[in-house]
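> no letters, just coordinates:
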């Protein structure tokens, strides 16, 4: 499975990253090399092997549901590049 | 007062002097800051250091005096309340966390000094050389033309150059151990779940661990005592009693069974490194341990598995950097929301971050998920089973930490695949969740340090300390200092 420039451009869009034409060119070549290398995983016999997404045998970790202090709004907003009142401000999304 | 400057001492030596009231913690910090001013323009281990004159040392009223008065240097991806934490990325420019990471809280409780400066790293811990930092590379104190390793290169270089007493790093695929090896210091990646990840800015959540980088093994155990333990705020941390790690030091290593995996001693390993590591293994035999060759048959798949899993998790974790909640936002005029996201991320992330996010997004995308991500998770199972098998018969595994000593700045930066392969010996410990330590075990003819990696069963850090300490006490490497 080779990765094309079109695929890289599409995936970059999905990942919400604007690439310059030069970056797209360079990245496509590099990702092709990296995937060529990764493709050696195709050689491994994985029949009847279950996936490991997590290394520890712990599941469904719950805590007692009693209220705890949370971050106050002004602190949560403190780092925002653009804020107003108690809100994060983003470019207009409704025409 | 002293022939040796305070900054050159270990934490356990300083703690002794503090207890006897021979010195004060203010003296330590001021000598440290002086040292940083002197050598950091060459080493560049710290970022934003010019702001800090050590006046900002903060000490919560320590419940314990485990680390009372000892300044700790912190990697730039661990949140410190009110002190910039930027992952050495433009996209987190100016970010001041509203809370402390659990490890920072624990350090303050132990009486340690947390100050307004951070150590350099590859952006978001993406790299093996610290060259991917927005602030520029750190230089290896043993040879300023070489990299310090990465991604915790700033922490390792600071400790090696006596610009730090103790440091914290994080390790996702070798980011503590490989720089420790390149800089001739001691670095531990604890068992996954041993140290809380709360407040560690996530790279790959199933692999990341915070760990200590120190001048010797004893300091490493002391720092682990302070940071290890269960944290309700990290649901992947494990509720298991934390032993006193310093009790493992000085225990006899007679009869300990060491496995030497043959797949780690093949082509690609520099002959000089190979010889030094083999000598170290013989030294351990001399002082009582036994060793035998074993096989970890899926070793060659560790790097490809890692670069699928780690990038997939990273692509998801880094989705939060969108110019809305914190950090940098693109200033391009007249952008709609999607354009704002894309411009912010396009301008804010460096090359390696873009590469990894795109690779990870690809591996998770429709049509490729089974072939890449799911397959990688299955091979991860096989890699873990290799280790389980060996640990049935052996107490630990010993390998080189890295196939080469520190390489030159610029040597691998244009070839990402070559850079990825420098983690070939460290990645498996993250994939299988086991603890691993790197300790100095000699120097090449060019004067660069070489690291020995010891790996053990989950939650058996004590054995790592026991063996590492025994080796250290019988060798001179940890006492050697770079000339700066």
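Done, it's in. Quick caveat: nothing in here was measured; it's all calculated off a predicted structure.
> any idea how far apart the tips of stretch B:457-465 sit?
End-to-end distance for stretch B:457-465: 13 Å, by Cα to Cα, to the nearest Å.
> then stretch B:125-145?
Terminal residues of stretch B:125-145 are spaced 21 Å apart (Cα to Cα).
> buried sites along that stretch?
Going by neighbour count (16 or more other Cβ atoms under 10 Å in any protein chain shown), the buried part of stretch B:125-145 is B:125-135, B:137-143. From N, CA and C alone the C-beta is placed, and that goes for glycine too.
> what does stretch B:282-301 give?
B:283-284, B:289, B:291, B:294, B:296, B:298-299, B:301.
> could you do stretch B:254-274 as well?
Here stretch B:254-274 shows B:256, B:258-261, B:263-265, B:269, B:272-274 as buried, counting by 16+ other Cβ under 10 Å.
> and if you look at stretch B:224-242?
B:224-231, B:234, B:236-238, B:242.
> which of the residues you listed sit farthest apart?
Across the buried residues of stretch B:224-242, the longest distance by Cβ to Cβ is 20.9 Å; it joins B:225 and B:236.
> what pLDDT does the model give the residue of chain A most remote from its centre?
In terms of distance from the mean C-alpha position of chain A, residue A:66 ranks first, at 31.6 Å (Cα atoms, centre = their mean). Note for residue A:66: predicted pLDDT of 90.
> which SS class is it?
When classified by DSSP: H, G, I helix; E, B strand; the rest coil, residue A:66 comes out as coil.
> check the gap between it and chain B for me.
To chain B, residue A:66 is 12 Å away according to Cβ to the nearest Cβ, to the nearest Å.
> quick check, central residue of the chain?
You didn't pick a chain, so chain A it is. Centre-nearest of chain A using Cα atoms, centre = their mean is residue A:15, 6.9 Å out.
> oops, wrong one, chain B.
residue B:176 (1.9 Å).
> quick check: longest helix of the chain.
You didn't pick a chain, so chain A it is. Criterion DSSP state H: the longest helix present in chain A is helix A:21-38.
> oops, I was thinking of chain B
Max-length helix for chain B by DSSP H is helix B:25-43.
> for the chain, what spans make up the helices?
Just so you know, I chose chain A. A:5-14, A:21-38, A:73-77.
> hm, I was asking about chain B
Using DSSP H, helices in chain B cover B:11-19, B:25-43, B:102-109, B:153-160, B:177-183, B:217-227, B:271-286, B:302-317, B:337-348, B:351-364, B:375-391, B:416-420, B:427-432, B:461-473.
> export those helices as a markdown table, with columns for distance to chain A.
Output for the helices of chain B, formatted as a markdown table (distance: least, Cβ to the nearest Cβ, whole Å):
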| stretch | distance to chain A |
| --- | --- |
| helix B:11-19 | 30 |
| helix B:25-43 | 27 |
| helix B:102-109 | 14 |
| helix B:153-160 | 22 |
| helix B:177-183 | 18 |
| helix B:217-227 | 18 |
| helix B:271-286 | 23 |
| helix B:302-317 | 4 |
| helix B:337-348 | 3 |
| helix B:351-364 | 4 |
| helix B:375-391 | 3 |
| helix B:416-420 | 5 |
| helix B:427-432 | 7 |
| helix B:461-473 | 16 |
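> could you export these as a markdown table, including mean pLDDT?
Listed next are those as a markdown table, based on pLDDT from 0 to 100:
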| stretch | mean pLDDT |
| --- | --- |
| helix B:11-19 | 96 |
| helix B:25-43 | 93 |
| helix B:102-109 | 96 |
| helix B:153-160 | 98 |
| helix B:177-183 | 98 |
| helix B:217-227 | 98 |
| helix B:271-286 | 98 |
| helix B:302-317 | 97 |
| helix B:337-348 | 98 |
| helix B:351-364 | 97 |
| helix B:375-391 | 98 |
| helix B:416-420 | 91 |
| helix B:427-432 | 98 |
| helix B:461-473 | 98 |
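> nearest to residue B:92, of the ones you listed?
That would be helix B:337-348 among the helices of chain B, by Cβ to Cβ, at 8.2 Å.
> so which bits of the longest helix of chain A are buried?
Within helix A:21-38, the residues scored as buried using 16+ other Cβ under 10 Å are A:23, A:27-28, A:30-31, A:34-35, A:38.
> give me the angle between it and helix A:5-14.
100 degrees (axes from the mean of the first three to the mean of the last three Cα atoms, to 10 degrees).
> list the helices and strands helix A:21-38 packs on?
Judged by 3 or more Cβ pairs under 8 Å, 6 or more residues apart in numbering or on different chains; DSSP states H and E, the packing partners of helix A:21-38 are helix A:5-14, helix B:302-317, helix B:351-364, helix B:416-420.
> can you tell which of these is closest to residue B:180?
helix B:416-420 (17.9 Å).
> distance-wise, check the nearest residue to residue B:280 once chain neighbours are set aside relative to chain A.
Nearest residue to residue B:280, sequence neighbours excluded (Cβ to Cβ, 6 or more residues apart in numbering or on different chains): residue B:441, at 4.0 Å. Residue B:441 is 28 Å from chain A, where distance means Cβ to the nearest Cβ.
> just the strands in the stretch 151-300 of chain B please.
For the stretch 151-300 of chain B, the strands defined by DSSP state E, counting those that start in this stretch occupy B:166-171, B:186-189, B:209-214, B:257-261, B:290-294.
> in the stretch 51-200 of chain B, what residue comes closest to chain A?
residue B:98 (4.4 Å; Cβ to the nearest Cβ).
> surely that residue meets residue A:77?
No - using Cβ atoms under 8 Å as the test, residue B:98 is too far from residue A:77 to be in contact (9.7 Å).
> before we move on, the earlier item: check what pLDDT the residue nearest to the centre of chain A gets.
pLDDT at residue A:15 comes out at 98.
> dump the residue contacts of it.
B:315, B:345, B:357-358, B:361 (Cβ atoms under 8 Å, 6 or more residues apart in numbering or on different chains).
> closest one of the residues you listed to residue B:324?
Ranked by distance to residue B:324 (Cβ to Cβ), the contacts of residue A:15 are led by residue B:345 at 11.5 Å.
> so who does the closest residue to the closest one other than its chain neighbours touch?
Spatial nearest neighbour of residue B:345, excluding adjacent residues (Cβ to Cβ, 6+ apart): residue A:17 at 4.7 Å. For residue A:17, the contacting residues are B:342, B:345-346, B:349, B:354, B:357-358, by Cβ under 8 Å, 6+ apart.
> switch to 10 Å and redo it
Contacts for residue A:17 (Cβ atoms under 10 Å, 6 or more residues apart in numbering or on different chains) come out as A:11, A:23, A:27, B:318, B:341-349, B:353-354, B:357-358, B:361.
> OK, contacts around residue 25?
No chain was given, so I picked chain A. A:5, A:8, A:19.
> should've been chain B
Contacts of residue B:25 by Cβ under 10 Å, 6+ apart are B:14, B:18, B:57, B:59, B:68-71, B:111-113.
> what mean pLDDT does stretch B:131-142 have?
98.
> just give the number of residues close to residue B:399.
For residue B:399, the count of nearby residues is 29 (other Cβ atoms under 10 Å in any protein chain shown).
> now swap in the one 4 residues further on and tell me
Burial measure for residue B:403: 20 neighbouring residues, criterion other Cβ under 10 Å.
> nearest residue to it in space, please, no chain neighbours.
residue B:269 (4.7 Å).
> if I read this right, residue B:428 contacts residue B:297, doesn't it?
No - contact between residue B:428 and residue B:297 fails when scored by Cβ atoms under 10 Å: they sit 11.9 Å apart.
> which neighbours do those two share?
B:261, B:263, B:383, B:386.
> between these, which is closest to residue A:43?
residue B:383 (14.4 Å).
> burial count for the closest one?
21.
> next one: the nearest residue in space to residue B:460 that is not next to it in sequence from chain A, what distance?
Of all residues not flanking residue B:460 in the chain, residue B:435 sits nearest, at 6.6 Å (Cβ to Cβ, 6+ apart). In this view, residue B:435 and chain A are 12 Å apart by Cβ to the nearest Cβ.
> sorry, back to before: any chance of the helices of chain A in JSON lines, plus distance to residue B:9?
Formatted as JSON lines, the helices of chain A follow (distance: least, Cβ to Cβ, whole Å):
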{"stretch": "helix A:5-14", "distance to residue B:9": "50"}
{"stretch": "helix A:21-38", "distance to residue B:9": "44"}
{"stretch": "helix A:73-77", "distance to residue B:9": "39"}
